[in-house]
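K.L.:
Give me a 3D structure for the following:
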Amino acid sequence: MRDSVRERLQQALAATVQALLSDAGDHGPPPTIALEPPKQAEHGDFATNAALVLAKRMKQPPRVVAERLVAKLAGAGGLVARAEIAGPGFVNFWLERARWRGALREILEAGSHYGRTDAGKGRRVMVEFVSANPTGPLSVGHGRNAVLGDCIARLFDATGWAVTREYYFNNGGRQMRVLGESVRARYLERLGRAAPPPEAALKDESLPWPAEIDGKPVVFPREGYQGDYISDIADALIAREGEGWTGEPGDRGFREEAERRIFAEIRATQDSLGVAFDVYTNETSLYEEGRVERALAELRKTTRVYEEGGAVWLRAIDLGHARDRVLVKSSGEPTYLLPDVAYHQQKLERGFDRIVDVQGADHKDQGPYVLAALAALGLPAERVEFVFYEFVTLSSGGSTVKQSTRRATFITVDEVVKDVGADVFRFFMIQRRSESHLDFDLDLAKSTDWTKNPAYYLQYAHARCCGIERQAAERGVALPQPADVSGERLALPEEIELIRKLAEFPETVARAAEACEPHHVAYYVRDVAALWNPYLQDGKNHRVLSDDAELTAARLGLVAAVRTVVANGLALLGMSAPERM
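P.N.:
From the prediction side, this is the model:
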């Protein structure tokens, strides 16, 4: 695809900056120059801080440098209509309108490929996300992880990377043991061989835990999983195995049955959100393959590991971290850090050029130590990056919905998706920066009013485009081919502003992909809809289908361009682009 209007201006500006430096006898590396749309439209199409950046190197006042820059740029080969110096030395550019009209044709010619680039050049990237242990249904917090990771993967795919989507989980350890014990207890309770603990004792940990009730033992673990899904698994076991099943050896059978059923539900939830994975990896396999033992042995050979108090420590304070971290407890049991190091060692050995881990804010403390350990092993730790997201609270009627994961009083992804739909769920989960706390307003998400529900507001912009094109077909008005679209009649300021916004899409996608911040796409599509929906509301001045054939053709081209960009943006967010609403 041809370079965008902004990219061409960036190239012209970069060449001008290099020429100014050369004239000043400075042959050093080119500086980083900003070129951004100004916050106020009356300040032009783009603004740059180039003169401010160059002033020190050229040993001249910023405004003097700005004057030289404007003179040397000299229209940038017909791209710039005029340039003005503002404030201490900023330069504002107004582009030739013909350039914006050319951008309209580029959008239509590229179609569904508009916004896609080959920036990744086929390099390999792994995005690891969700990674919830199979101990229960996915909560809304896991839902934010799923949508965030999926959108990041979509952005990488759109920018030319070879993407691997991976799910990592722990199907061993204490959590899974407690899960198996919980299912076994409910199984025995259903058969009348054990007594369920009092409900009050489950809710209040200060109450004594009875050894038996009415002569029957209480086998449910104090910290066990209490959701109805545990009883459902027990009931399914009774239906399939009868009353004589023991789950031997120990509670392993119960644990494996629970894992199988819960993971099937997790995958069904992912399917409902349009989320798919290429690889599933579990922590247990790292032990079985000897990777954890190998990572520890290799770390012991470095100066970054020492023993104290019977435990094995990772030396990290002298690297600027707040404290050293335990790799192996004095009991001989590895901490969570050691298998994490082994897993990331495996990732790097698999040849990925970039590795992105999407994790909750409660993992922020772990990430730097994983990187420190990888560096100690002589591995390229810089290829690993973490995307952390803040937690999600649900609100309804102005009040927060209280949740508890252990007591299974949390609301699941399935419950919310059933109420609001996958598209709305996805948009609500991605419309804010991942580092921002997310308040999921259930009442707003359930609203079918497109003027209030932000997800529907975007989709309605697309549906209105499709509606206009249907009306044109019904009237026998042919939709223009991309090569035939002429923007000469699109002269209104609001039309130029809209085309300018559409032309920003490729760079928005590239920036969002590089920073792993898909909310930029959500913001962008919202901005397009905020320009387009009001434009159509003004039927007097912005009527698309009229007796003026030339104006009708031009505006139908604008309709097609908006439809294309909104559809492509929604696709990157994993949302549908409905033709009717």
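K.L.:
and Leu73, what does it touch?
P.N.:
12-13, 16, 80, 83 (Cβ atoms under 8 Å, 6 or more residues apart in numbering). To be clear about C-beta, it is placed using only N, CA and C from the backbone, and glycine gets the same treatment.
K.L.:
of all those residues, which comes closest to Val127?
P.N.:
Leu13 (33.6 Å; Cβ to Cβ).
K.L.:
care to break this protein down by domain?
P.N.:
Per automatic domain parsing, the domain ranges recorded for the chain read 5-95, 101-120+450-572, 124-167+277-389, 173-272.
K.L.:
Adding mean pLDDT and distance to Phe425, write these out as JSON lines.
P.N.:
Output for the domains of the chain, formatted as JSON lines (pLDDT from 0 to 100; distance: least, Cβ to Cβ, whole Å):
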{"stretch": "domain 5-95", "mean pLDDT": "88", "distance to Phe425": "31"}
{"stretch": "domain 101-120+450-572", "mean pLDDT": "94", "distance to Phe425": "9"}
{"stretch": "domain 124-167+277-389", "mean pLDDT": "96", "distance to Phe425": "7"}
{"stretch": "domain 173-272", "mean pLDDT": "89", "distance to Phe425": "9"}
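K.L.:
Dump those domains into TSV; add distance to Asp419 as well.
P.N.:
Formatted as TSV, the domains of the chain follow (distance: least, Cβ to Cβ, whole Å):
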stretch	distance to Asp419
domain 5-95	38
domain 101-120+450-572	13
domain 124-167+277-389	12
domain 173-272	13
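K.L.:
Now tabulate the contacts of Leu73 in a markdown table and tack on distance to Asp443 and secondary structure.
P.N.:
Shown next, in a markdown table, are these (distance: Cβ to Cβ, whole Å; DSSP: H, G, I helix; E, B strand; the rest coil):
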| residue | distance to Asp443 | secondary structure |
| --- | --- | --- |
| Ala12 | 50 | helix |
| Leu13 | 48 | helix |
| Thr16 | 53 | helix |
| Val80 | 49 | strand |
| Ala83 | 49 | strand |
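K.L.:
thinking again about what came up before, so which of the domains of the chain gets nearest Asp441?
P.N.:
Of the domains of the chain, nearest to Asp441 by Cβ to Cβ is domain 101-120+450-572, at 9.9 Å.
K.L.:
so how far does that closest one reach from one end to the other?
P.N.:
25 Å (Cα to Cα, to the nearest Å).
K.L.:
which strands and helices sit next to the longest helix seen in the chain?
P.N.:
Ranked by number of residues, the top helix in the chain under DSSP state H is helix 549-572. Contact analysis of helix 549-572 by 3 or more Cβ pairs under 8 Å, 6 or more residues apart in numbering; DSSP states H and E lists helix 97-110, helix 140-158, helix 454-474, helix 493-503, helix 505-515, helix 519-537 as its packing neighbours.
K.L.:
nearest to Val370, of those?
P.N.:
helix 140-158 (17.8 Å).
K.L.:
Quick check: the residue nearest to the spatial centre of the chain vs Phe277, distance?
P.N.:
The residue lying closest to the centre of the chain (Cα atoms, centre = their mean) is Leu148, at 2.7 Å. From Leu148 over to Phe277 the distance is 14 Å, taken as Cβ to Cβ, to the nearest Å.
K.L.:
Kindly report the same for Asp484.
P.N.:
Counting by Cβ to Cβ, the gap from Asp484 to Phe277 is 44 Å.
K.L.:
now do Trp313
P.N.:
Counting by Cβ to Cβ - Trp313 and Phe277 are separated by 35 Å.
K.L.:
more crowded one of the two?
P.N.:
Phe277 (20 against 17; other Cβ atoms under 10 Å).
K.L.:
just to revisit the earlier point, what's the closest of the domains of the chain to Glu579?
P.N.:
domain 101-120+450-572 (4.0 Å).
K.L.:
backbone phi and psi for the most far-flung residue of the chain relative to its centre, please?
P.N.:
Note on the chain: the largest C-alpha distance from the chain mean falls to Gly215, namely 53.6 Å (Cα atoms, centre = their mean). Note on Gly215: its backbone torsions stand at phi 80, psi 0 [degrees, to the nearest 10].
K.L.:
Enumerate every residue touching the nearest residue to Thr451 once chain neighbours are set aside.
P.N.:
Among residues not flanking Thr451 along the chain, Tyr457 sits closest, at 6.9 Å (Cβ to Cβ, 6 or more residues apart in numbering). Listed by Cβ under 8 Å, 6+ apart, the contact partners of Tyr457 are 450-451, 526, 529, 533.
K.L.:
Can you tell me which of these is nearest Lys72?
P.N.:
Among the contacts of Tyr457, and counting by Cβ to Cβ, the member closest to Lys72 is Arg526, at 37.9 Å.
K.L.:
Can you report how many residues neighbour that closest one?
P.N.:
Neighbours of Arg526 (other Cβ under 10 Å): 18.
K.L.:
Next: Asp548.
P.N.:
Neighbours of Asp548 (other Cβ under 10 Å): 12.
K.L.:
With Ala361 instead?
P.N.:
Count around Ala361 with other Cβ under 10 Å applied: 14.
K.L.:
any idea how far Val392 is from it?
P.N.:
11 Å.
K.L.:
ditto for Leu479
P.N.:
Relative to Val392, and taking Cβ to Cβ, Leu479 is found at 42 Å.
K.L.:
In terms of packing, which of these two has more residues around it?
P.N.:
The neighbour comparison of Leu479 against Val392 (other Cβ under 10 Å) goes to Val392, with 22 against 15.
K.L.:
I figured that one was touching Arg144, is that so?
P.N.:
Yes - shown here, Val392 and Arg144 form a contact pair, counting by Cβ atoms under 8 Å, at 5.2 Å.
K.L.:
Now list whatever residues contact both of those two.
P.N.:
By Cβ under 8 Å, 6+ apart, the residues touching both Val392 and Arg144 are 429, 438.
K.L.:
quick one, what contacts the residue lying closest to Asp26 once chain neighbours are set aside?
P.N.:
Leaving aside its sequence neighbours, Asp26 sits nearest to Arg57 (Cβ to Cβ, 6+ apart; 5.4 Å). Applying Cβ under 8 Å, 6+ apart, we find Arg57 in contact with 21, 24, 26, 28, 31.
K.L.:
Can you give me the distance of the second one to Arg68?
P.N.:
Ala24 sits 10 Å away from Arg68, taking Cβ to Cβ as the criterion.
K.L.:
repeat for the third one
P.N.:
When Cβ to Cβ is applied, the distance between Asp26 and Arg68 equals 13 Å.
K.L.:
So between these two, which is more surrounded?
P.N.:
The residue with more neighbours, out of Asp26 and Arg68, is Arg68; 19 against 15, by other Cβ under 10 Å.
K.L.:
just the helices and strands packed on helix 549-572: most buried one?
P.N.:
helix 140-158 (a mean of 26; mean count of other Cβ atoms under 10 Å).
K.L.:
tell me the angle that one makes with helix 519-537.
P.N.:
The directions of helix 140-158 and helix 519-537 differ by 80 degrees, with axes from the mean of the first three to the mean of the last three Cα atoms, to 10 degrees as the criterion.
K.L.:
Alpha carbons only: can I get helix 140-158 in PDB?
P.N.:
The C-alpha trace of helix 140-158 is given here as PDB (Å, rounded to 0.1, in the frame of the first residue of the first chain):
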ATOM      1  CA  VAL A 140     -14.800 -10.800  34.200                       C
ATOM      2  CA  GLY A 141     -11.200 -10.000  35.100                       C
ATOM      3  CA  HIS A 142     -10.100 -13.000  33.000                       C
ATOM      4  CA  GLY A 143     -12.500 -11.600  30.300                       C
ATOM      5  CA  ARG A 144     -10.500  -8.300  30.200                       C
ATOM      6  CA  ASN A 145      -7.300 -10.400  29.800                       C
ATOM      7  CA  ALA A 146      -8.900 -12.400  26.900                       C
ATOM      8  CA  VAL A 147     -10.100  -9.400  25.000                       C
ATOM      9  CA  LEU A 148      -6.900  -7.400  25.600                       C
ATOM     10  CA  GLY A 149      -4.600 -10.200  24.500                       C
ATOM     11  CA  ASP A 150      -6.700 -11.100  21.500                       C
ATOM     12  CA  CYS A 151      -6.800  -7.500  20.300                       C
ATOM     13  CA  ILE A 152      -3.000  -7.200  20.700                       C
ATOM     14  CA  ALA A 153      -2.600 -10.400  18.600                       C
ATOM     15  CA  ARG A 154      -4.900  -9.000  15.900                       C
ATOM     16  CA  LEU A 155      -2.800  -5.800  15.800                       C
ATOM     17  CA  PHE A 156       0.400  -7.800  15.300                       C
ATOM     18  CA  ASP A 157      -1.200  -9.800  12.600                       C
ATOM     19  CA  ALA A 158      -2.400  -6.500  10.900                       C
END
